[in-house]
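1. build me a model:
(one chain, ligands or ions: 1)
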Amino acid sequence: MNFERFDIEGPVLVTPKRIGDSRGWFSETFRADAFADNVGPHTFVQHNQSMSAAKGTVRGLHFQLAPMGQGKLVRCLRGAILDVAVDIRRSSPTFGRHVTAELTPDNSRQLWVPEGFAHGFVTLTEDTEIFYLVTNYYSPAHDRGLAWNDPALAIEWGLDEASAQLSDKDRKWPVLAELPDAYI
Ligand SMILES: Cc1cn([C@H]2C[C@H](O)[C@@H](COP(=O)(O)OP(=O)(O)O[C@H]3O[C@H](C)C(=O)[C@H](O)[C@H]3O)O2)c(=O)[nH]c1=O
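-> Here you go, the predicted model:
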């Protein structure tokens, strides 16, 4: 299992190895000991899965407020996504900066998105399915978001705003400069 860091402290790209044989392949996609040694002693309490039918679906940018903040370990089971994590820790030297990673079943990559980051993705194919582990339970009262298309974030989503498929909720999030409950 390979762990790669970015030039922003926090997110980690995790790539499990595959053991091939005449039938196909086998992969240990998560090990608590390797994750604790390379990322941190996080405990996952909830597993999520979502399917997005249309290419160009954007889900995000989401986070939960403390004390219900969530770390997320994200992988793509079908299709492909560009996964994005934005640093919203006000005290961070990289506040407002982001990392991206293309996740597909073939590259078997997983993106670790720590608490203090807003998470989102755009689907690169139709019928895209993601699976992710989270370190805290879903709490609607703590559910917050950040405008995916905030020019200040300069995220290159690879699609024009008019063609993006979003939920009504995701169209209404504030831009970073207006984020009322950002991480301190
Ligand atoms: C996240 C979540 C949602 N729900 C319910 C709430 C709604 O009735 C329905 C869809 O929720 P939402 O529109 O928030 O789903 P996404 O847009 O996929 O949001 C997720 O996708 C982005 C990329 C994330 O990082 C978060 O995990 C999460 O915000 O599932 C639950 O019952 N449990 C949950 O943990």
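
2. can you give me the helices for the protein?
-> Assignment of helices within the chain using DSSP state H yields the ranges 32-38, 168-171.

3. show me what counts as buried in the first one.
-> Pointing back at helix 32-38 there. Buried residues in helix 32-38, counting neighbours by 16 or more other C-beta atoms under 10 Å, are found at 35, 38. In this view, the C-beta of every residue, glycine as well, is placed from N, C-alpha and C.

4. TSV please, covering the helices of the chain and showing distance to residue 132.
-> Compiled in TSV, those are given as follows (distance: least, C-beta to C-beta, whole Å):
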stretch	distance to residue 132
helix 32-38	14
helix 168-171	17
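
5. mind putting the ones you listed in TSV, distance to residue 66 and mean pLDDT included?
-> Below are the helices of the chain laid out as TSV (distance: least, C-beta to C-beta, whole Å; pLDDT from 0 to 100):
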stretch	distance to residue 66	mean pLDDT
helix 32-38	22	97
helix 168-171	21	97
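
6. show the pLDDT at residue 183.
-> Looking at residue 183, its pLDDT stands at 59.

7. do the same with residue 87
-> On pLDDT, residue 87 comes in at 97.

8. you'd agree residue 83 is up against residue 75?
-> No. In this structure residue 83 lies outside contact range of residue 75 using C-beta atoms under 8 Å: 9.1 Å.

9. which neighbours do these two share?
-> Shared contacts of residue 83 and residue 75 (C-beta atoms under 8 Å, 6 or more residues apart in numbering): 103, 111.

10. looking at the helices of the chain, which is closest to residue 115?
-> helix 32-38 (15.2 Å; C-beta to C-beta).

11. most remote residue from this structure's center?
-> What lies farthest from the middle of the chain is residue 22; by C-alpha atoms, centre = their mean that is 33.7 Å.

12. please report how far it lies from residue 44.
-> 33 Å (C-beta to C-beta, to the nearest Å).

13. for residue 10, same thing?
-> 17 Å.

14. same question for residue 171.
-> Per C-beta to C-beta, residue 171 is found 30 Å from residue 44.

15. quick one: which of those two has more around it?
-> Set side by side, residue 171 and residue 44 show more neighbours around residue 44, with 17 against 13, by other C-beta atoms under 10 Å.

16. give the contact list for that one.
-> Contacts for residue 44 (C-beta under 8 Å, 6+ apart) come out as 73, 133, 134, 135.

17. coming back round to it: any chance of the backbone angles for the residue farthest from the centre of the chain?
-> phi -60, psi -20 (degrees, to the nearest 10).

18. local confidence estimate at it?
-> 98.
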